[in-house]
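Colleague: please work out how this folds:
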Amino acid sequence: MLIDCDNCEVRNIACGGCVVSTVLGAPGHGVEIDEGERRALGVLADVGLVPPLRHTVPSPVAPGAPNRRVS
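Modeller: You can find the predicted model right below:
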C-alpha cells in the first residue's frame, strides 16, 4: 500500500489524527507499507497506542455518473 499524503482526500483536515503524521511527521514523499505493517498499525490503533490510518483517496467516478459527494 502506497500512502501518498499529496493525494489524500483528507489532507490538512485529518493529518493530526493520522498514524502517518504521528509516527513519521507527515513525510513529504509517499510511504509504502506492506500488508503485515498495515495490520500491525491497525492493532496498535485498536488498543489506542497510535491513531488510525486516515489516508483516503478519491473514488474513481464511473463514466457518465454525476460527480457529486454525499456528506
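Colleague: show me where the protein has its strands.
Modeller: Secondary structure of the chain (DSSP state E): strands at 2-3, 31-32.
Colleague: with mean neighbour count, mean pLDDT and distance to Val20 as extra columns, can I get the ones you listed in TSV?
Modeller: (C-beta placed from N, C-alpha, C; glycine too.) Converted to TSV, the strands of the chain look like this (neighbours: other CB atoms under 10 Å; pLDDT from 0 to 100; distance: least, CB to CB, whole Å):
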stretch	mean neighbour count	mean pLDDT	distance to Val20
strand 2-3	14	77	6
strand 31-32	12	78	6
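Colleague: just send those back as a markdown table, with distance to Val47 too.
Modeller: Shown next, in a markdown table, are those (distance: least, CB to CB, whole Å):
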| stretch | distance to Val47 |
| --- | --- |
| strand 2-3 | 21 |
| strand 31-32 | 22 |
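Colleague: to Pro58, which of the ones you listed lies closest?
Modeller: The closest of the strands of the chain to Pro58 is strand 2-3. By CB to CB, the value is 14.6 Å.
Colleague: circling back: figure out which of the strands of the chain is closest to Thr56.
Modeller: Here strand 2-3 is closest among the strands of the chain (CB to CB), at 10.5 Å.
Colleague: from Asp34, how far out is the nearest residue to Gly30 once chain neighbours are set aside?
Modeller: Closest residue to Gly30 apart from its sequence neighbours, by CB to CB, 6 or more residues apart in numbering: Asp4 at 3.9 Å. Using CB to CB, to the nearest Å, we find Asp4 at a distance of 16 Å from Asp34.
Colleague: for those two, indicate the residue with more neighbours.
Modeller: Between Asp4 and Asp34, counted using other CB atoms under 10 Å, the more crowded position is Asp4 (15 against 9).
Colleague: and the pLDDT at that one?
Modeller: In this prediction, Asp4 carries a pLDDT score of 76.
Colleague: tell me the contacts of the residue nearest the centre of the chain?
Modeller: Centroid check for the chain by CA atoms, centre = their mean gives His55 as the closest residue, at 1.1 Å. Residues counted as contacts of His55 (CB atoms under 8 Å, 6 or more residues apart in numbering) are 3, 5, 8, 10, 18, 20.
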